[in-house]
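Engineer: whatever this is, show me its structure:
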Amino acid sequence: MAKTKNVPMRTCIACRQMKPKKEMTRVVKTADGEIFADPTGKVSGRGAYICGDEECLKKLNDKKLLHKAFSLNVSQEVYQGVEEEILGEK
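Structural biologist: Numbers count the residues shown, from 1 in each chain. Predicted coordinates for the structure are as follows:
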């Protein structure tokens with residue numbers, strides 16, 4: 001009997017859908033409070049996941065979802081950096 005590989009799933013903070021981790025972009029808040037997109041998914045810190053859907057990117061910015069995910073005010077530059085990182089991967 002073949003062993004099935006466990007695919008890690010994550011929830012998008014915008015659309016709330018479960019998707020495979022590899023299809024998502026991780027946004028990380030490091031211990032020193034820096035927030036940025038983490039394409040490797042390996043930077044230590046608190047992570048939030050967003051899928052690359054344009055509706056999700058719009059919702060991320062409009063509803064300030066990183067504010068909620070990390071419980072602090074996140075600058076507009078961070079949102080722009082995350083959006084550029086996600087759109088650059090496509």
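Engineer: please make it C-alpha for all contacts and neighbour counts, starting now.
Structural biologist: Noted.
Engineer: Ala37 is in contact with Gln80, isn't it?
Structural biologist: No. Using Cα atoms under 8 Å, Ala37 makes no contact with Gln80, being 10.2 Å away.
Engineer: compare the two (neighbour count), which wins?
Structural biologist: Shown here are Ala37 and Gln80; by other Cα atoms under 10 Å, Ala37 has more neighbours (24 against 14).
Engineer: so what pLDDT did the closest residue to that one other than its chain neighbours get?
Structural biologist: Leaving out its chain neighbours, the residue that sits closest to Ala37 by Cα to Cα, 6 or more residues apart in numbering is Val27, at 4.3 Å. Looking at Val27, its pLDDT stands at 96.
Engineer: tell me where this structure has strands.
Structural biologist: Assigned by DSSP state E, the strands in the chain fall at 9-11, 18-20, 24-29, 35-38, 46-51.
Engineer: and the longest helix along the chain, what's buried?
Structural biologist: The longest helix of the chain (DSSP state H) is helix 76-89. The neighbour-count check on helix 76-89 (16 or more other Cα atoms under 10 Å) flags Val78, Tyr79, Val82, Glu83, Glu85, Ile86 as buried.
Engineer: stretch 23-42 now?
Structural biologist: Met24, Thr25, Arg26, Val27, Val28, Lys29, Ile35, Phe36, Ala37, Asp38, Pro39, Gly41.
Engineer: what about the protein, any weak spots by pLDDT?
Structural biologist: 1-2, 89-90 (pLDDT under 70).
Engineer: what is the residue nearest the centre of it paired to in the beta sheet?
Structural biologist: The residue lying closest to the centre of the chain (Cα atoms, centre = their mean) is Tyr49, at 2.9 Å. Beta bridges link Tyr49 to Cys12, Arg26, judged by DSSP bridges.
Engineer: quick one, what contacts it?
Structural biologist: Residues near Tyr49 by Cα atoms under 8 Å, 6 or more residues apart in numbering: Arg10, Thr11, Cys12, Ile13, Met24, Thr25, Arg26, Val27.
Engineer: ok, the fourth one to Asp32 distance?
Structural biologist: Applying Cα to Cα, to the nearest Å, one obtains 22 Å for the distance of Ile13 from Asp32.
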